[in-house]
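Participant: when you get a sec, could you give me coordinates for this:
(3 chains)
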Amino acid sequence: MFEFILPNAWLIPLVPVLAFALIGLFLHRWPKISAALSIFSIAIAFILALVIAGGVFSAPAGTVYEFSTRWLDMPGLQVDMGLLIDALTAVMLLVVTTVALLVQIYSLGYMKGDPGIASYYAYQSLFAASMLGLVIANNLGQMFVFWELVGICSYLLIGFWFGKYSARNAAIKAFITNRVGDFGFLLAILFLQIMFGTLNFGELSDSMAGFTNMTILIPVAILLFCGPIGKSAQFPLHVWLPDAMEGPTPVSALIHAATMVAAGVYLVARAFFIFSAVPQAMTVIAVIGGFTALFAATIALTQNDIKRILAYSTLSQLGYMMMAMGIGAMTAGMFHLMTHAFFKSLLFLGAGSVIVAMHEEQDIWKMGGLYKKMPITTWTFIIGALALSGIPPLSGFWSKDEILLGALASGHIGLYIIGAFVAFLTALYMFRLIFVAFFGSNKAGAEKAQENSAVMTVPLIILAAISVVAGLVNSPLMHNAFGHYINSPAGIEPHPSLIIMISSTVIALAGIAMAWLIYQKQVISAEDLKYRFEGIYKVLYHKYYIDEIYAWLGARLVDGMAKVLYWFDIYVVNGFINAIAYVTAITGEVLKFTEDGQVQTYALYMFAGIVLLLVSALYAVYTVLI
Amino acid sequence: MIGLTHYLLLGTVVFCIGLFGVLSKRNAIAVLMSVELMLNAVNINFVAINKFITPNDVTGQLFSIFVIVVAAAEVAVGLALIISIYRHRKSVDLNDFNLLKW
Amino acid sequence: MNNFPILSLILLAPLIGAIIIMCLPKDNGKAIKYIAAISTFLSLLLSLVVFIGYDRSLGGMQFVEKIPWIADLGVNYALGVDGISLPLMLLTNLIGFSAVYASWNNKERIKEFFALLLILITGVMGTFVTTDLFIFFLFYEVVVIPIYLMVIMWGSTKRVTKEYAGMKLTIYLLIGSAFLMVGLISLFIKAKGITGVPSMDMAFLATIDFPVSFQVMVFAFMAFAFGTLLSMFPFHAWSPDGYAGAPTAVSMIHAGVLKKIGGYGLIRIGLFILPAGAQIIAPIIAVLAIGNVVYAAYICISQKDLKYIVGYSSVSHMGYVLIGIAALNLISINGAIIMMFAHGVMAALFFAMIGNLYEKSHTRNVDDFGGLAHQMPRLSVGFMLAGLASLGLPGMVNFIGEFTIFVGAFSTYKVLTIIGVSGIIFTALYILRALGNVLFGPRREEWDHLQDLKGPEMVPLIVLGAAILIGGIFPFTLMDLISSGVGDLIAQVGLVQIGGIL
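Facilitator: Here you go, the predicted model:
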């Protein structure tokens, strides 16, 4: 079984892409068949991924299977479409197919009655295919291809309800912001291609070994990191992710929490041999990651939209992963990617369940007391939140702990403090959400809320179960099996420390306790805090005014400049052309008066011409003779 | 003794009179007559040069006969045109014939 | 089968169609359209046969035909295709066939319209399939007349009048052709002086070693002539106005293929015959090319008329082609050719969709639209396909072109290419904004009466859309062919190969 599947792992992305083509070309009139086909195809991909994972994890660690075929071939430039199957790929395949499958099933309930179900599932299939293609890529060229394709799927799905201006603009913003990052990514690819003549990860890794020209390597590594900055929404290109919540909630769960946004982290892990060779780039990654984690967590404290809170939480956690990568804890970063994918998609799907029950209401202050109406959603949501906050023995605890451990072990005390503080903030904002939305007093809209059908709750339960146990794979209880398979020679693997485990648990519990005091018991008045720190509150509530700054700059540097250049084109370039035409016309206008219609004038011109010719001829003869 | 120079001078004088007539006369018929003068000036030159330079050939005479023939045809056509224009516009004044103006 | 004059047939089929149409009564619209469709379809089919039948392992000129024509000038009616001209010939026929269908709803003077359209297609195609400079020039001149007539007769007046647009287009074309003629004549005379043989054969001229100063001068003429045709900055002013004024079919053919004669000529005549001149002039072209990319992309952002957006965007994309040519290596020239193909199908599809929308709504202003995806889903698919191709999304053939050009150009011009790559951001910005404004947003009731694409209107979408996707997903179908053609050229003139560590 494994022997057959392995060289044919390209089937994994191919099956969903076939589903996309079939739905797009023929089946779009029949939404139910389209949905069934899409789910069926992702289920097949899931089974194939399971088989591959089984094969990879039964082989000795470090085994790599690689197959490729020429896609673009000319002397000096070869781009392959290939398969690179190792433990990293296998984990990503499992994560992507699992979450995608559950999300697609969940969407049956969430999207019920929407007129665009067929195209929704078509896009979902295309996304699944692109994401899986990205995961199995064995070279940067292929990765870029699928990188852009997941970007366009994200664009299509954010703008799925295209009748809304906000959805349309969010979709455009997401794509453009990502393009800014991809600009750097593409340049890095060009540099690598020119420097080493290959884009294959294995060959690049070999070539890098003897390459020490740091003056060129530093910019290349930083340019390469621009891609992840865009895709994983790191500061300063994070602005698109909160707006991306305009898409349907299952889309947010799959694309903007679990899989696509993690692709940046995956790229860093995949190209870890490049980054780890450049300490300066590692510092940049760690600092940007740590800053994003803190920055987004503070914003999450003040938001009122349930999806936006989760979106900022995603930003913050992605920053966490990047920070892990930057300090060299590649295993921990990937581990957190995996656990985060499960519990964050669980949280988003839970939020979706609430939104359906509340009839499209997303403001947490208009909810309240939902735990009585929606027990399954509430309890699974709480499990997700606990996992996210890092309460043992849930999955988030193990992964987050390892990152903090790595920060401390590698001597990044500052980053450790940031990480610990972010862990506190995470617990605080998550339980603020829970106490306000699920407990507290019933608000008007929450009266009629009721639990959703099984098609939506069963995926929640499955994800909750995974969120509980997923962390164990890299715990001392299972002898750090995850780290055994996924590691980097350049990475760090510190020994677990009981002190850190206890301290981070305490920090998380402190966050939860504080949320309980403020929002449940109301010992400390939230309103009071708001007024006392009004300046800070406003800055946080407006997300540090970054969007406004970008809008201001965009209006001047892009739109203003465009107008100036258009003016230049019309009045200078075209003006020059028209001026030439005008001069020609004017000359004609003037000269036409010589044509007065009098035969005798013409005869005079003729005579004058003859005289002129004669004189010049005589002059020529004269000069020759003399 | 009258030599080639005299004939050529005569030709030049007649040609210039004709040219002046063509350029300055307003009456179309006078212009036509002036053109005849110019043509005949050329004829004088032809015959004279033939006589003085190559007395054994008759090329000059031959050419002047050609010119006379063409001139006759031209007068016929020219007069016909003028008559036609006169019928149309009741005038033979060249200043009125400026339809081909800007 | 070997001696079957298949290229002549491809070339003459539209011309024969035009002659038949001229003989038909002018109120028989149906017959006229069918004749036009059949003759272009025949060309398309046969060029697909040539595309498949071309022996890629052998390379070089194939399907050669040669009939002496003017012996004293060494002019032959010589046809032949290689890896450089074959994709462009195929492109011409793809677009020609689609253009006939894009004009299917035309009701005004259809007899003259389709006759001129077919002559135009023949003229454009002739420049690609001939191997003789004189014939090349002849076909180039053939193109001018139908273009002018079609713009002033069936064009539309928006920012500028159609007469202005037609005149601008024609004069630019003619200025280019005047310079081209000077270049050709001096080439001919110089070649005759060196070898003593009068010849207009491109391959023969390429074997002659012209003095460098002569090459620089003639290449400068060529660069100006072909650069104008390719809308090289700052000689691009005709392009947006011209496309905006022209009827749909003319915009499609002009932006799709006619423009590409410029790039093709630069490679085939410029690089091939005058390599030393090319090497000296190329940096200037590269700088202007980056001017194209960034400047035109920026202007697009401020545009409101859909045709102006595509017009300026085509100027911007031609910058990529130009820098690909100017980088003078195998990869970049490969990229330039596939980019010409890619831009051709993309621009033609865009113009077909815009034309269709304009025909129904009588406006092209972006702000007048909104939410058209509600009423016209198929048209939206066409727009999206063209738009995404335009912004270089992988899976579309344009990405292959851009990526290859970037790799090739980057090895020659570092800074310029980095500036050029930034064009991908601006392109995404204006394309997505325009598409967003036209297709997405709340439903607008005033457009409820618009009919979606149906029947013959679907043909351009299917034909060109398929070309975009097939070329993008299976790039080797085109790239192997192009690479063989460019490889021959490079081997012959000895241009630099890519490589080397920075």
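Participant: could you count how many residues lie near A:A351?
Facilitator: Using other CB atoms under 10 Å in any protein chain shown, A:A351 has 26 neighbouring residues. No exception for glycine: its C-beta is placed from N, CA and C like everyone else's.
Participant: let me see the contact set for it.
Facilitator: Shown in contact with A:A351 (CB atoms under 8 Å, 6 or more residues apart in numbering or on different chains): A:T249, A:I306, A:K307, A:L310, A:F381.
Participant: PyMOL command for the buried members of those residues?
Facilitator: Typed into PyMOL, the line below selects the buried ones among these, using 16 or more other CB atoms under 10 Å in any protein chain shown:
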select buried, chain A and resi 249+306+307+310+381
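Participant: any weak-confidence spans in the chain?
Facilitator: The chain I'm using is chain A. A:1, A:442-446 (pLDDT under 70).
Participant: please refer instead to chain C.
Facilitator: Flagging of chain C using pLDDT under 70 yields the residue ranges C:1-3, C:494-502.
Participant: determine the longest strand present in it.
Facilitator: Ranked by residue count and defined by DSSP state E, the top strand of chain C is strand C:62-70.
Participant: which residues does that strand contact?
Facilitator: In contact with strand C:62-70 (CB under 8 Å, 6+ apart) are residues C:5-8, C:50, C:53-55, C:75-82, C:131, C:134.
Participant: centre of the chain to the helix or strand following that strand, how far?
Facilitator: Helices and strands here follow DSSP states H and E; after strand C:62-70, the next one along the chain is strand C:75-81. Offset of strand C:75-81 from its chain centre (CA atoms, centre = their mean, to the nearest Å): 21 Å.
Participant: now stretch C:354-361
Facilitator: That offset, for stretch C:354-361, works out to 23 Å (CA atoms, centre = their mean).
Participant: same deal with stretch A:280-293?
Facilitator: Taking mean C-alpha positions (CA atoms, centre = their mean), stretch A:280-293 and its chain are 17 Å apart.
Participant: give me the buried positions along that stretch.
Facilitator: A:A281, A:M282, A:V284, A:I285, A:A286, A:V287, A:I288, A:G289, A:G290, A:F291, A:T292, A:A293.
Participant: what lies in contact with that stretch?
Facilitator: For stretch A:280-293, contacts defined as CB under 8 Å, 6+ apart pick out A:218, A:221-222, A:225, A:229, A:233-235, A:238, A:268, A:275-276, A:315-328, A:412, A:414-415, A:418-419, A:422.
Participant: buried stuff in the lengthiest helix in chain B?
Facilitator: In terms of residue count, the longest helix belonging to chain B (DSSP state H) is helix B:59-89. For helix B:59-89, burial by neighbour count (16+ other CB under 10 Å) applies to B:G60, B:F63, B:S64, B:V67, B:A71, B:G78, B:I82, B:I85.
Participant: show me where the stretch 401-502 of chain C has its helices.
Facilitator: Secondary structure of the stretch 401-502 of chain C (DSSP state H, counting those that start in this stretch): helices at C:414-421, C:423-439, C:458-473, C:476-493.
Participant: the second one and chain A in contact?
Facilitator: Yes - using CB under 8 Å from any CB of the partner chain, helix C:423-439 comes into contact with chain A via C:I424, C:I425, C:F426, C:A428, C:L429, C:L432, C:R433, C:G436, C:L439.
Participant: let's see if you can find the most crowded of those.
Facilitator: C:A428 (28 neighbours).
Participant: quick one: work out the angle between the longest helix belonging to chain C and strand C:75-81.
Facilitator: Taking DSSP H as the criterion, chain C has its longest helix at helix C:162-195. Between helix C:162-195 and strand C:75-81, the angle comes out at 110 degrees (axes from the mean of the first three to the mean of the last three CA atoms, to 10 degrees).
Participant: helix C:162-195: what's the following helix or strand?
Facilitator: Sequence order places helix C:202-206 as the next helix or strand after helix C:162-195, per DSSP H and E.
Participant: coming back round to it: and the buried residues of helix B:59-89, which is closest to A:T298?
Facilitator: B:I85 (98.6 Å; CB to CB).
Participant: wait, the closest one sits on B:G78?
Facilitator: No - the criterion here is CB atoms under 8 Å, and B:I85 misses it with B:G78 at 10.6 Å.
Participant: just the buried members of the contacts of strand C:62-70?
Facilitator: Taking 16+ other CB under 10 Å as the criterion, what is buried in these is C:6-7, C:50, C:54, C:75-82, C:131, C:134.
Participant: now the two most distant members of these.
Facilitator: Longest span within the buried ones among the contacts of strand C:62-70, CB to CB: C:Y54 and C:V75, 25.8 Å.
Participant: among the buried residues of stretch A:280-293, which are in helices?
Facilitator: Cross-referencing the buried residues of stretch A:280-293 against helices under DSSP H gives A:A281, A:M282, A:V284, A:I285, A:A286, A:V287, A:I288, A:G289, A:G290, A:F291, A:T292, A:A293.
Participant: what about the host helix or strand of A:L204, distance to the chain center?
Facilitator: Per DSSP H and E: A:L204 is located in helix A:201-209. Relative to its parent chain, helix A:201-209 has a centroid offset of 26 Å by CA atoms, centre = their mean.
Participant: in that helix, which residues are buried?
Facilitator: Result for helix A:201-209 [16+ other CB under 10 Å]: buried residues A:F201, A:L204, A:S207, A:M208.
Participant: closest point of the stretch 351-500 of chain A to chain C, which residue?
Facilitator: Chain C sits closest to A:E360 of the stretch 351-500 of chain A, with a gap of 16.6 Å, by CB to the nearest CB.
Participant: in three-state terms, label that residue for me.
Facilitator: The three-state assignment at A:E360 reads coil, by DSSP: H, G, I helix; E, B strand; the rest coil.
Participant: tally of neighbours for it?
Facilitator: For A:E360, using other CB under 10 Å, the count is 7.
Participant: now swap in C:A289 and tell me
Facilitator: Neighbours around C:A289, by other CB under 10 Å: 29.
Participant: what does chain B put close to chain A?
Facilitator: B:19, B:22-24, B:31, B:94-95, B:97-102.
Participant: try it again with 10 Å
Facilitator: B:19, B:22-26, B:28, B:31, B:35, B:94-102 (CB under 10 Å from any CB of the partner chain).
Participant: looking at those, which are in helices?
Facilitator: Among the residues of chain B next to chain A, the ones falling in helices (DSSP H) are B:L19, B:V22, B:L23, B:S24, B:A28, B:V31, B:V35.
Participant: pull the number of nearby residues for the last one.
Facilitator: A count of nearby residues for B:V35, using other CB under 10 Å, gives 19.
Participant: where does the nearest residue to it once chain neighbours are set aside land on pLDDT?
Facilitator: In this structure, B:V35 finds its nearest non-sequential neighbour in B:V22, 6.0 Å apart by CB to CB, 6 or more residues apart in numbering or on different chains. Looking at B:V22, its pLDDT reads 90.
Participant: got phi/psi on the closest residue to chain A within the stretch 1-150 of chain C?
Facilitator: Nearest to chain A, among the residues of the stretch 1-150 of chain C, is C:G83, at 11.1 Å (CB to the nearest CB). As for C:G83, its main-chain torsions (degrees, to the nearest 10) stand at phi -60, psi -20.
Participant: that one touches C:N334, doesn't it?
Facilitator: Yes - with contact defined as CB atoms under 10 Å, C:G83 and C:N334 form a contacting pair (9.2 Å).
Participant: identify the contacts common to those two.
Facilitator: Listed as contacting both C:G83 and C:N334 by CB atoms under 10 Å, 6 or more residues apart in numbering or on different chains are C:L478, C:M479, C:I482, C:S483, C:S484, C:G485, C:V486, C:G487.
Participant: out of those residues, which comes closest to chain A?
Facilitator: When the shared contacts of C:G83 and C:N334 are ranked by distance to chain A (CB to the nearest CB), C:S483 comes first, at 4.3 Å.
Participant: so how many other residues sit close to that closest one?
Facilitator: If you count neighbours by other CB under 10 Å, C:S483 ends up with 27.
Participant: equivalent analysis for the one 4 residues further on, please.
Facilitator: The local packing of C:G487 (other CB under 10 Å) involves 17 other residues.
Participant: great, nothing more from me.
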